[in-house]
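*Asks:* coords please:
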Amino acid sequence: MLNKVGIIALLFIAVFATSFSSVDSGNTPQKPASQRELKVQKQVLSEMLSFRNYLRDTLFFEVNKAQPDEQKLKQAFLQSRLLYKRFEWAAAYFSADLNKRLNGPPVNEVENADLLDASFIRSVDPMGLQVVEGFIYPGYDVARKNELICEIKHLITNTEYVMSYFSAVSLADWRILDAAKLEVFRIITLGITGYDNALSLKSMEESSMSLKSLRPILSLYLKDKNSTLLTDLDGSVGYLDAHADFDSFDRAVFIKQFGNKVSAGITELEQALPGPKIKYNRMLNQEAATLFDVDAFNVNAFAPGPEFQATPAKVALGEKLFYDVSLSGTLKRSCASCHQPDLAFTDGLTRNTDIHNASKLLSRNVPTLLNAALQSNYFYDNRSLTLEDQALEVIKSKQEMDGSMEAILKYLSANKSYQLLFSKAFFIKDKQTIDAGQVTNALASYVRSLTQINSRFDDYMRGTENALSAQEVNGFNLFMGKAKCATCHFMPLFNGVTPPKYVQSEVEVLGVPVSLTDSTLDADLGYYNVVGVDSYKNGFKIPTIRNIKKTAPYMHNGIYQTLDQVMDFYDNGGGAGLGMKLPNQTLSGEPLHLTVKEKAAIIAFMESLESKPITQSKGAASILPER
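*Replies:* Reported below is the predicted structural model:
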């Protein structure tokens, strides 16, 4: 009889085998696998088998000893992680959800367990290498030996499920190269930050192994074995091997001089492949050579469907609506009242006021709308899935705008200027009426046009060496390393949408207090009110830190007025550092031990992420196609 883990794994196999076969078929018949594709598949399965056997014969053996040797146990664990890194590129791409059972985050995750009912949500316990790490680091607790044995058994079983799935999955050359490039992106956004080895911090060794695993794969696609790509790949490995210390590793140098070159080289291989390729609708464009390409991210990725994608005509309409007080019930508040362009589309207030009662504050701080399109969920509690949903909810909110969509539609339909704009944006013909979906889509399209990935940091990563000062570069390295900021604010968007596919927005439990003078936990339950899972009590979406210089006050309740206060909160371990007993805090409660100089450097770097001023209409036209 299958245990719980087995049932879950088989469910994922069934779901993802179905989805991949339908994707592969597309509009073209599947062709038999080539010898090259079969060779890649055989190589990956061999690496998975080595990993499974090592877990069973070495790591499990060490744990089962009557008197385990802690040093040998740690060595066996670290070797297990290195063996996993040899096939991570393939497992994470072709069997993403099953792969989370091997190396997923060590926190509960919310999943839809009923494939026919999206409203049924459950929490799935964490499992895999990161969970095992917590039993062994910083020190092995022999009292938890049986728990550790159970976790390793799960890891062995789940590896076998991944192998079973992978032996049947259909590979294609373009997908193999896409997976290889995403692994490079994974390394420079997660691998070198300590994201998945937060306690052992062997990030450089593991990243080196990940890159080494790509060499024999990429060689199959190269006619010249002395190619620039392999030279760059070997150079990347050499740099990682020569600079293995976590705190002192120069991430700016590695990304600019090595990582970007390798991903660009793989992109050239992708583009040279003959035959059809399936186009994914994901936020990170498949054609992106680096994460810092001007057009690397797709602002329409999270639109509800193709017909909702932004166009210049929709943006022009949405901008007019954005500044129109007639969308509110009092005819005195517009979207721009709380999202002011000069303040990066925030309002500069701790919390704004109830539209009907100026002495009553709203429950949360106003977030920036700049780059809001580059997120998968909206509001601090992630409750809305689209910008259209968010716009409608704000308009209808009795506290925020108290608007009546019936009254709004009546007003718009009687306004000749709006009639013309709606007809251009949505091709409305005579006698057709304006509807609510068009109103919210126009507003959402305007927000999608507010995407500005054009800071001095971006210039620096695109090759302008003097775009950042030495202090700012140092701050970037601290942000990505010792300060561990980048394990939640993922580069280059610096929000919580997880790379390298940038699909899901993470939620974190920080332990934000009521005020500067009251260290009691803020009563807002956040994401818990949406999903009802205890581990997400007081959890909130991770916002972008781009334009952070203009978006004070900070946190969901706006309690911190300065970045110095924010840095002190994180440096001291969040709520735990304030003395809170918060068992579900996901932020490490351990102090970071940052110096005054280091904090100043991190703040200087974050302030370098300010967008350059652009004309909104021109900015929209540069990223949105005419229809």
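*Asks:* Give me the nearest residue to Gly496, chain neighbours excluded.
*Replies:* Once flanking residues are discounted, Gly496 sits nearest to Ile542: 2.7 Å by CB to CB, 6 or more residues apart in numbering. C-betas here are computed from N, CA, C, even on glycine.
*Asks:* I misspoke; the intended subject was Pro513.
*Replies:* Using CB to CB, 6+ apart, the nearest residue to Pro513 is Ser519, at 4.8 Å.
*Asks:* how many other residues sit next to the one you found?
*Replies:* 14 (other CB atoms under 10 Å).
*Asks:* Kindly report the same for the one 4 residues further on.
*Replies:* Residues lying near Ala523 (other CB under 10 Å) number 9.
*Asks:* Return the residues in contact with it.
*Replies:* Residues near Ala523 by CB atoms under 8 Å, 6 or more residues apart in numbering: Val514.
*Asks:* The stretch 1-150 of the chain: strands as residue ranges?
*Replies:* 109-112, 121-124 (DSSP state E, counting those that start in this stretch).
*Asks:* who touches stretch 279-296?
*Replies:* By CB under 8 Å, 6+ apart, stretch 279-296 touches 178, 185, 188-189, 260, 263-264, 267-268, 270-271, 277, 297-298, 301-302, 374, 376, 453, 458, 461-462, 491-492, 497, 499-503, 623.
*Asks:* Which of the helices or strands spans the residue nearest to Pro513?
*Replies:* Using DSSP states H and E, Ser519 is not contained in any helix or strand.
*Asks:* quick check, Thr440 in a helix?
*Replies:* Yes. Counting by DSSP: H, G, I helix; E, B strand; the rest coil, one finds Thr440 located in a helix.
*Asks:* That one and Ala391 touch, don't they?
*Replies:* Yes. Between Thr440 and Ala391 there is a contact under CB atoms under 8 Å: 4.5 Å.
*Asks:* lowest confidence element among the helices and strands of the protein?
*Replies:* Least confident helix or strand, the chain: helix 4-25 with a mean of 36, by mean pLDDT, DSSP states H and E.
*Asks:* Now Ala358: which helix or strand?
*Replies:* strand 357-361.
*Asks:* mind listing what's buried in that strand?
*Replies:* Of all the residues in strand 357-361, those buried under the rule 16 or more other CB atoms under 10 Å are Leu361.
*Asks:* do stretch 282-292 as well
*Replies:* Residues of stretch 282-292 classed as buried by neighbour count (16+ other CB under 10 Å): 283-284, 286, 288-292.
*Asks:* Could you give the number of residues near Asp518?
*Replies:* Asp518: 11 neighbours (other CB under 10 Å).
*Asks:* who's in contact with it?
*Replies:* Contacts of Asp518 by CB under 8 Å, 6+ apart: none found.
*Asks:* Would you check how far apart it and Gly579 are?
*Replies:* The spacing between Asp518 and Gly579, counted by CB to CB, to the nearest Å, is 12 Å.
*Asks:* go on, Trp89?
*Replies:* 43 Å.
*Asks:* and those two? which has more neighbours close in?
*Replies:* Trp89 (24 against 10).
*Asks:* which residues does the more buried one contact?
*Replies:* Residues near Trp89 by CB under 8 Å, 6+ apart: 179-180, 182-183, 186, 210, 213-214, 217.
*Asks:* so what pLDDT did it get?
*Replies:* Note on Trp89: pLDDT of 98.
*Asks:* Ok, the one 10 residues further on next?
*Replies:* On pLDDT, Asn99 comes in at 96.
*Asks:* Next: Val110.
*Replies:* As summarised for this prediction, Val110 has a pLDDT of 77.
*Asks:* residues near the closest residue to it other than its chain neighbours, how many?
*Replies:* Counting by CB to CB, 6+ apart, Val110 lies nearest to Val531, which is 5.0 Å off, once chain neighbours are set aside. Neighbour count of Val531, defined by other CB under 10 Å: 18.
*Asks:* so how far is Glu109 from Val531?
*Replies:* 10 Å.
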